[in-house]
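Peer 1: quick one, fold the following:
(chains A and B)
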Amino acid sequence: MKMTHRKAIIGLYVLTLLSALASTYLYGIKGFTGIILGLSAVKFWLVSFQFMEMKLAHPFWKVIIGVYLIAFVGAVWLILS
Amino acid sequence: MNTSPDYRNFYYPPGGILIWIIILVELLTFGAALVGLAVVSREDPASYHRSRLLLHPFYGALNTVFLLTSGYFMAMSVHWAKQNRWKKSAKQIPWALLGGFLFVVLKSVEYYEKWVAGLTLGYDTFFNFYWLLTGFHVVHVLIGLGILAGMYAGIKRKGEAFQLTDLEAGAHFWHMVDLIWLLLFPMLYLIL
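Peer 2: Modelled structure (predicted):
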């Protein structure tokens, strides 16, 4: 299935809604931080790879974004968990 | 006709290498500050949690929707420009501007409420982070709005002669504002 800007924005709305619901109903459960950070990471990935078209870029730039995302989410998750 | 460079070339990522250097520096700066917030919050998690509860996640979520929608319209603007449909490209930009404007309005309301409640810079460490990080982000939003307005005027004036690479670079600055917010929102409004 080809990803389009329209599908991406719908996905981003759904993920934002899921984040809001998760923060309301799942706060305090084990893995809560990971769930919220994971949802944010997917949104970040959708914006950078679809809206910013990094899916078309040289692999170096894709790896840089991936490494940044993993390092940030991993660091925060490790510190707060 | 305006055409895109070969994005597979290392030196020409979408938007251009210069804007990507700026984006990476900004992401590293905000990322480091947020990791710093996570570290200091471990000293007294309960206090940070109480302060975090003084923020309205609804405001943050709505502002996320405003910025994402605005980013969608900028992505569509670039999409139409690549097909050399500059009039259609220009028509997307006012909607992107509206999203950014609504973000600033809602942020101003939030700032006013916090200010009146005495939750100002210096109230506690959490609110120091809140004001500095969101304030610095709002400055980027305002600069981005200026860039979008300038590009809109440029396309209106020059039409097809407007450079696609300039539009892409401006749009990427705007998406960067989205990316930073996608890191700030969960850290400040949801997690701690």
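Peer 1: and the next helix or strand past the worst-scoring helix or strand of chain B on mean pLDDT?
Peer 2: Ranking every helix and strand in chain B by mean pLDDT, DSSP states H and E puts helix B:45-52 at the bottom, with a mean of 89. Using DSSP states H and E, the helix or strand that follows helix B:45-52 in sequence is helix B:57-82.
Peer 1: so after that next one, what's the next helix or strand?
Peer 2: Assignment by DSSP H and E places the next element after helix B:57-82 at helix B:86-116.
Peer 1: packing partners for the least confident helix or strand of chain B?
Peer 2: Judged by 3 or more CB pairs under 8 Å, 6 or more residues apart in numbering or on different chains; DSSP states H and E, helix B:45-52 is in contact with helix B:125-158. Bear in mind the C-beta positions are built from the backbone N, C-alpha and C, glycine included.
Peer 1: can you give me the buried ones in the helix it packs on?
Peer 2: For helix B:125-158, the neighbour count (16 or more other CB atoms under 10 Å in any protein chain shown) marks B:125-127, B:129-131, B:133-134, B:137-138, B:140-141, B:144-145, B:147-148, B:151-152, B:154-155 as buried.
Peer 1: quick one, the helix or strand that comes right after it and helix B:86-116 angle?
Peer 2: Downstream of helix B:125-158, the first helix or strand assigned by DSSP H and E is helix B:164-185. Interaxial angle of helix B:164-185 relative to helix B:86-116 (axes from the mean of the first three to the mean of the last three CA atoms, to 10 degrees): 30 degrees.
Peer 1: which residue packs closest to residue 9, ignoring adjacent ones?
Peer 2: Going with chain A. B:Tyr72 (4.2 Å; CB to CB, 6 or more residues apart in numbering or on different chains).
Peer 1: can you look at chain B instead?
Peer 2: A:His58 (6.5 Å).
Peer 1: and for that neighbour, the neighbour number?
Peer 2: 17 (other CB atoms under 10 Å in any protein chain shown).
Peer 1: next up, phi/psi of it, please.
Peer 2: Dihedral pair for A:His58: phi -60, psi 140, per degrees, to the nearest 10.
Peer 1: how close does it get to A:Ile65?
Peer 2: 12 Å (CB to CB, to the nearest Å).
Peer 1: what pLDDT does B:Glu71 get?
Peer 2: Residue B:71: Gly, not Glu. For B:Gly71, the pLDDT comes out at 96.
Peer 1: contacting residues for the closest residue to it other than its chain neighbours?
Peer 2: Closest residue in space to B:Gly71, ignoring its immediate chain neighbours: B:Asp178 at 4.6 Å, by CB to CB, 6+ apart. Taking CB atoms under 8 Å, 6 or more residues apart in numbering or on different chains, we find B:Asp178 in contact with A:47, A:51, B:67-68, B:70-71.
Peer 1: give me the pLDDT value at B:Asp178.
Peer 2: 95.
Peer 1: circling back: how much space between the residue nearest to A:Ile9 and B:Phe103?
Peer 2: For B:Tyr72, the distance to B:Phe103 (CB to CB) stands at 14 Å.
Peer 1: please enumerate the helices of chain A.
Peer 2: A:5-25, A:32-46, A:59-80 (DSSP state H).
Peer 1: C-alpha coordinates for the shortest one, CSV please?
Peer 2: Which is helix A:32-46. C-alpha atoms of helix A:32-46 as CSV (Å, rounded to 0.1, in the frame of the first residue of the first chain):
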residue,chain,number,x,y,z
PHE,A,32,3.4,3.6,30.2
THR,A,33,6.5,5.7,29.4
GLY,A,34,7.4,3.3,26.6
ILE,A,35,3.9,3.5,25.1
ILE,A,36,3.8,7.3,25.0
LEU,A,37,7.4,7.6,23.7
GLY,A,38,6.7,4.9,21.1
LEU,A,39,3.6,6.6,19.8
SER,A,40,5.6,9.9,19.6
ALA,A,41,8.4,8.1,17.8
VAL,A,42,6.0,6.8,15.1
LYS,A,43,4.6,10.3,14.6
PHE,A,44,8.1,11.7,14.3
TRP,A,45,8.9,9.0,11.7
LEU,A,46,5.8,9.8,9.7
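Peer 1: touching that helix from outside, list them.
Peer 2: A:8, A:11-12, A:15-16, A:18-19, A:22-23, A:26, A:65, A:69, A:73, A:76-77, A:80-81, B:68, B:179, B:182-183, B:185-186, B:190-191.
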